[in-house]
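**Student:** coords below, sequence missing:
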């Protein structure tokens, strides 16, 4: 069983272990970059991919289900932010904080970056029940121990606390 991250007709399929690594390295990056309400909402979406809370093999999301914003400028800024998160993660940002070596993380990040880069946010049509965290559900709480954003108010702790 694995997890799927879709966008623009393309898919990154990851094993449960691959998903955990993918989310770990993204959380390290997004936690240091998020500043605006939309960016904290995206961080919450990533935090909600915690398989130790949600269950193994049941996480993943579609780029089409993200609320990228109503204007072309907002959609462009949101997409640029996601690409910045991926680019920062690709520099191995804070990977020294991991208690393991992620040998395939760079490949996952590169593949997903290609998916995001090719994706046109104006094509997004969020489906009911596939929800991007709302304006009041951004990941603004930080785990002091691991220095990453957590999924409060959904649950206490971060992806590293639960791992």
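**Tutor:** That came through fine. Values in this document were obtained by computation on a predicted structure and should not be read as measured data.
**Student:** can you pull out the low-pLDDT segments for this structure?
**Tutor:** In the predicted model, the chain carries pLDDT under 70 at residues 1, 51-60, 128-130, 140-141, 144, 146, 151-157, 159-160, 162-163.
**Student:** where do the helices sit along it?
**Tutor:** With DSSP state H applied, the chain shows helices at 16-33, 37-47, 51-54, 72-90, 105-118, 159-162, listed in chain order.
**Student:** how about the residue lying closest to residue 81 once chain neighbours are set aside, what does it touch?
**Tutor:** Spatially, and ignoring its direct neighbours in sequence, residue 81 is nearest to residue 39 (5.4 Å; CB to CB, 6 or more residues apart in numbering). Bear in mind the C-beta positions are built from the backbone N, C-alpha and C, glycine included. If you count contacts by CB atoms under 8 Å, 6 or more residues apart in numbering, residue 39 has them with 30, 33, 81, 138.
**Student:** if we can go back for a sec, any chance of CSV for the helices of the chain, columns distance to residue 65?
**Tutor:** Shown next, in CSV, are the helices of the chain (distance: least, CB to CB, whole Å):
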stretch, distance to residue 65
helix 16-33, 17
helix 37-47, 9
helix 51-54, 16
helix 72-90, 13
helix 105-118, 14
helix 159-162, 20
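**Student:** between the ones you listed, which one is nearest to residue 9?
**Tutor:** Nearest to residue 9 among the helices of the chain is helix 105-118; the distance by CB to CB comes to 9.0 Å.
**Student:** work out the gap between the closest one and the centre of the chain.
**Tutor:** Centroid separation between helix 105-118 and its chain, computed with CA atoms, centre = their mean, to the nearest Å, is 12 Å.
**Student:** packing partners of it?
**Tutor:** Using 3 or more CB pairs under 8 Å, 6 or more residues apart in numbering; DSSP states H and E as the contact test, the elements touching helix 105-118 are strand 2-7, strand 10-15, helix 16-33, helix 72-90.
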